[in-house]
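Peer 1: I'll drop the sequence and a predicted model, then ask my questions.
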Amino acid sequence: APAPAPARHLFSDPAEVEALRGNLLAWYDRCKRDLPWRALAATEPDADRRGYAVWVSEIMLQQTQVATVIDYYNRWMQKWPTLQALAQASLEEVNELWAGLGYYSRGKRLQEAARKVVSELAGQMPRTAEDLQKLLPGVGRYTAGAIASISYGQATGVVDGNVIRVLCRLRCIGADSSSPAVTDRLWDMANVLVDRSRPGDFNQALMELGATVCMPKAPLCGECPVKQHCQAWCRKLFGNPRKVPDVEDCGVGDCPLCPPATEPWDSSLGVTNFPRKAAKKPPRAMRTATCVLERRGCHGAPEYLLVQRPSSGLLAGLWEFPSLPLAQDLQEEREREELADHLQAWMGRPVAAKGLQFIGEVIHIFSHIHQTYVVYSLPLDGDVTLDPALSPSRWVTKDEFHASAVSTAMKKV
Ligand code: SF4
């Protein structure tokens, strides 16, 4: 069992909880951003459609900025306004619409889950966070809580990156915020705090506060509606957290939520002392040779060859220029030869390495991979026959390329 958290890290005073809820909701009513999924969730009378709309927005917002998501969300809801419509879509259509949004498995899982709701749950979304998480593939604890509270009014808390930051600052939590002990405490806190009569608004308000006021690097504490409840802010102003005027941290180094004794409060950082995370692993470096094969199409316009990636793994099912992962530290000449061999096996005719024209390198950062594409081009005379056993392929014009399910990295290429 985890060590009990000292009272100063908790919200144990009901009057304070009530005041915090009131201040936060009043601020949210005044300052919230107009976002299409909020408008729909607030006005849509059909509960399943509300749940679907919030679900789509939450999946798109994972790891992606609000400003980027809005356009994708609007196009998605126009094309598939209901779960039933999405269940009938093909994966190719989903990937085409998702192209450029990143983390492509999200779209695929959303569609698989929609099919499951239609075929196994009679088209009805589960109504509680517990059932949403249990029954829908790709729906984790956060997404389930968000759908249940925003769409169905269940009084259940949510914890995402914004909420972690706000709660860690409100209660001076300086232990590793990704550790299971801290994560459990944050979920407990979110469940204690959530407003019983407006749970969806409260959760969105807490996240909105993290996104627009309590920001990672330069929080706007002077404008914060809950600053009087914030221990990090008090500590910055007065040197000590409120209500515990006689100690800096909880005690003698055994508090599971305080900063470790080896990394005490740094007054130059102020409230940004919190939250703290264990250092992330650096992204893995990868090199991939990519060849843009070009031919004249029937109207004389250039066409480019795309091949489809495998149906699982990174960028599953997306289309790309023929590519070959390379070992690190190969000489340029060797890279070119390996790419030529690869193309040759695939086209069934000789490809001279020296015929490959080096174009340049493109770097793309995936969340855990630092990918370098070494780009070549190869103009072709006449047609080529490709081995269909290796992967599906098709020739596209430039416009067709941009409308295809291709990743941002390939667009850079
Ligand atoms: Fe965040 Fe500052 Fe508000 Fe505290 S006072 S919650 S640190 S913005």
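Peer 2: That came through, no problem.
Peer 1: look up the closest residue to the residue nearest the centre of the chain, ignoring the ones flanking it.
Peer 2: Centroid-nearest residue in the chain, with CA atoms, centre = their mean: Gln63, separated by 2.0 Å. Spatial nearest neighbour of Gln63, chain neighbours left out: Tyr103 (5.7 Å); criterion: CB to CB, 6 or more residues apart in numbering. Yep, even glycine has a C-beta here, placed from its N, CA and C like the rest.
Peer 1: can you pull the residues of the chain lying near the ligand?
Peer 2: Proximity of the chain to the ligand (CB under 6 Å from any ligand atom) is limited to residues 166, 169-170, 213-214, 219, 221, 224, 226-227, 230, 232-233, 271.
Peer 1: would a markdown table of these with distance to Arg336, neighbour count and pLDDT be doable?
Peer 2: Shown next, in a markdown table, are the residues of the chain next to the ligand (distance: CB to CB, whole Å; neighbours: other CB atoms under 10 Å; pLDDT from 0 to 100):
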| residue | distance to Arg336 | neighbour count | pLDDT |
| --- | --- | --- | --- |
| Val166 | 52 | 28 | 98 |
| Arg169 | 53 | 29 | 96 |
| Leu170 | 57 | 25 | 96 |
| Val213 | 53 | 19 | 98 |
| Cys214 | 51 | 27 | 98 |
| Pro219 | 51 | 23 | 97 |
| Cys221 | 56 | 18 | 96 |
| Cys224 | 57 | 21 | 98 |
| Val226 | 59 | 22 | 97 |
| Lys227 | 60 | 21 | 96 |
| Cys230 | 58 | 24 | 94 |
| Ala232 | 55 | 28 | 93 |
| Trp233 | 58 | 24 | 92 |
| Val271 | 53 | 23 | 94 |
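Peer 1: hmm, which two among those residues are most spread apart?
Peer 2: With CB to CB as the measure, no two of these lie farther apart than Val213 and Ala232, at 13.3 Å.
Peer 1: quick one, helices of the stretch 51-200 of the chain?
Peer 2: 66-79, 83-88, 91-98, 105-120, 129-135, 141-152, 161-170, 180-193, 199-212 (DSSP state H, counting those that start in this stretch).
Peer 1: tabulate those helices (TSV), appending distance to Ser323.
Peer 2: Output for the helices of the stretch 51-200 of the chain, formatted as TSV (distance: least, CB to CB, whole Å):
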stretch	distance to Ser323
helix 66-79	25
helix 83-88	30
helix 91-98	17
helix 105-120	19
helix 129-135	36
helix 141-152	32
helix 161-170	32
helix 180-193	38
helix 199-212	36
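Peer 1: how far away is Leu293 from the ligand?
Peer 2: 53 Å (CB to the nearest ligand atom, to the nearest Å).
Peer 1: sec struct for that residue, please.
Peer 2: Secondary structure, DSSP: H, G, I helix; E, B strand; the rest coil: Leu293 is strand.
Peer 1: wait, isn't it in contact with Val307?
Peer 2: No - between Leu293 and Val307 there is no contact, the gap being 9.7 Å when judged by CB atoms under 8 Å.
Peer 1: residues contacting the residue in the stretch 301-413 of the chain that the ligand sits nearest to?
Peer 2: Here the stretch 301-413 of the chain gets closest to the ligand at one residue, Ser367, 25.9 Å apart by CB to the nearest ligand atom. With contact taken as CB atoms under 8 Å, 6 or more residues apart in numbering, Ser367 is in contact with Gln63, Tyr103, Pro283.
Peer 1: phi, psi of the residue nearest to Gln63?
Peer 2: The phi and psi values for Tyr103, taken as degrees, to the nearest 10, are phi 50, psi 60.
Peer 1: can you get me a residue count around it?
Peer 2: 16 (other CB atoms under 10 Å).
Peer 1: what sits closest to the closest residue to the ligand within the stretch 251-400 of the chain if chain neighbours are left out?
Peer 2: Residue of the stretch 251-400 of the chain nearest the ligand, by CB to the nearest ligand atom: Val271 (3.8 Å). In space, and not counting its chain neighbours, Val271 is closest to Ala232: 4.1 Å by CB to CB, 6+ apart.
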